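A.B. asks: Sequence first, predicted coordinates after that:
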Amino acid sequence: MFQEALPRIGRRRALQGSAAVLVVLGLLLWWLLPLGESSPGGKVVFSTGTANGVYQLYGDLLRDALDKDMPRLDVDLEESEGSLENVERVATGQADFTIAAADAVERYEDNGGRGADLLRGCARLYDDYVHVVVPLHSDVNSIAELKGRKVAVGQPGSGVRLIAEQVLAAAGVDPKKGIEPFSAGIRDAPDMLEEGKIDAFFWSGGLPTSAVTTLSQHFDVKLVPIDADLVAELHKPGKGSRHYRSALMPADAYHKAQNGIAVPTIAVANLLVTRADMDATLTEGMTRTVINSRDGIGEVVHAAQRVDLRTAIYTEPLDLHTGAQRYYRSVKP
C-alpha cells in the first residue's frame, strides 16, 4: 500500500507543480499584454497625412504595432493634406484618431470649428520643424527675400499652409499677393523646385523628412533661416501662434543641404488627438501602444525617438482624454 501511494503522491505533486507553472505563465502574459483577450475590437479610422510625409509613415508603423497589441482592432489609415484637415476630421466624426500640430488645433478652436469642444489629447509626440527650401545658389537668404518669388506653401488643408502664411506675414510678405503661391505639398514640391517651376517651398515635418533628404542627395539645396526676430513677431498678441518656439535645425539633419551648419527655425509639437466620446479602454490601449512602440517606430521614423513618457501628458491646448489619463496613472512611479 505504501509503495502504491508513492506514485499517486508523485503524480499529485507533478500536477500541482504544472498548475503553478501555468499560473505564473498566465500572470506573465497578463503583464506583457495588459489588454489580452479583452482588448477592444471593431474598427477605427486614423487620419494620417500626405503620401511622402512623416504622418503617413508613422501611421503605417503604428498600425503594425497595434496589430500586435490589440489584434481584434481593425485600423483604417486614411491619407489627408495634413494637420488642419486631420483636426476637422476627428472633430466632426470622420476619423477617430489622428496626428496634428498644436497650432492647427488652436486655429480650429479659435475659429469655432464644429465639434472643437469634443477634441481631446492622448499624447504629445514629437516636434515638427519648419523647412524653407531653396536651390543652393539662390539669392534668397531670409524669409523677407521670398517676396515676388514662386513659393509652394502647402495644400489648403495642411498645417504647412497655416505655418507658411503666418511666417510670411510676420516677415512683412503678404502670403497671397506678396508671392506667387503654389498649392503644393511635400509630394510634389521637391520635383517642382528641381525643375525650376518654383523658387522655394515650405514644409513642416519631423526630422529628417525623407523627401527632403532624397532631394538634397541629387540636387543642391539650402535651408532659409527663420531668425529670432521673426519668432518674436509671431508671438505678439493676437497672432494665434503661441505654440511656435525657436529651434535649431540640427547640423546633421540634412548633411547635403546644410554643410554641417545648424539653421535657426521654428518648431511646433505634434499631438495624438481623439474625441471625448471615444471608448476609454480603446484610448488607453492606443496611448499605451504609442508610448511602448517608440523605439521600434523610431528606428524608421527618427522623430518618433523623441516621444517621452515624461512629456507625453502635455497636450496643450487639449485636455487629456480619460482613457489616456488612466494609462498615465497606471505607469506613474
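C.D. replies: Cool, the structure landed. Numbering: from 1, shown residues only.
A.B. asks: Please make it C-alpha for all contacts and neighbour counts, starting now.
C.D. replies: OK.
A.B. asks: From the contact counts, what lies against the host helix or strand of Val105?
C.D. replies: Using DSSP states H and E, Val105 falls within helix 102-110. Contacts defined by 3 or more CA pairs under 8 Å, 6 or more residues apart in numbering; DSSP states H and E place helix 102-110 against helix 83-91, helix 159-170, strand 263-275.
A.B. asks: if you set the cut-off to 6 Å instead, what comes out?
C.D. replies: Under the contact criterion of 3 or more CA pairs under 6 Å, 6 or more residues apart in numbering; DSSP states H and E, helix 102-110 touches no helix or strand at all.
A.B. asks: Show the subsequent helix or strand relative to the longest strand seen in the chain.
C.D. replies: Ranked by residue count and defined by DSSP state E, the top strand of the chain is strand 119-135. Using DSSP H and E, the helix or strand that directly follows strand 119-135 along the chain is strand 150-152.
A.B. asks: thinking again about what came up before, taking their axis directions, the longest strand of the chain and helix 159-170 sit at what angle?
C.D. replies: Inter-element angle recorded for strand 119-135 and helix 159-170: 70 degrees (by axes from the mean of the first three to the mean of the last three CA atoms, to 10 degrees).
A.B. asks: Excluding chain neighbours, what is closest to Asn141?
C.D. replies: Sequence neighbours aside, Val224 is the residue nearest to Asn141 in space, at 5.6 Å (criterion: CA to CA, 6 or more residues apart in numbering).
A.B. asks: Can you list the buried residues in stretch 218-227?
C.D. replies: Buried residues in stretch 218-227, defined by neighbour count with 16 or more other CA atoms under 10 Å: Phe219, Val221, Lys222, Leu223, Val224, Pro225, Ile226, Asp227.
A.B. asks: starting at the chain centroid, how far to it?
C.D. replies: The chain centre lies 23 Å from the centre of stretch 218-227; the measure is CA atoms, centre = their mean, to the nearest Å.
A.B. asks: Now tell me what touches it from outside.
C.D. replies: Residues from elsewhere that reach stretch 218-227 (CA atoms under 6 Å, 6 or more residues apart in numbering): Val132, Val133, Val134, Pro135, Leu136, Asn141, Ser142, Ala257, Val263, Pro264, Thr265.
A.B. asks: any idea of the mean pLDDT for that stretch?
C.D. replies: Per-region confidence: stretch 218-227 scores 96 on mean pLDDT.
A.B. asks: First-to-last residue distance for that stretch?
C.D. replies: The first and last residues of stretch 218-227 sit 28 Å apart, counting by CA to CA, to the nearest Å.
A.B. asks: shaky segments in the stretch 201-333 of the chain?
C.D. replies: 239-240, 333 (pLDDT under 70).
A.B. asks: just the helices in it please.
C.D. replies: 210-218, 228-234, 255-258, 280-292, 294-298, 322-330 (DSSP state H, counting those that start in this stretch).
A.B. asks: quick one: which of these is nearest Asp69?
C.D. replies: When the helices of the stretch 201-333 of the chain are compared by CA to CA, helix 280-292 sits nearest Asp69, at 7.0 Å.
A.B. asks: Give me the buried positions along stretch 230-245.
C.D. replies: Leu230, Val231, Glu233, Leu234, His235, Gly240, Ser241, Arg242, His243, Tyr244, Arg245.
A.B. asks: residues in contact with that stretch?
C.D. replies: Contacts of stretch 230-245 (CA under 6 Å, 6+ apart): Asp103, Ala170, Ile266, Ala267, Val268.
A.B. asks: Contacts only, for the last one.
C.D. replies: When the contact criterion is CA under 6 Å, 6+ apart, the partners of Val268 are Asp127, Asp128, Tyr244.
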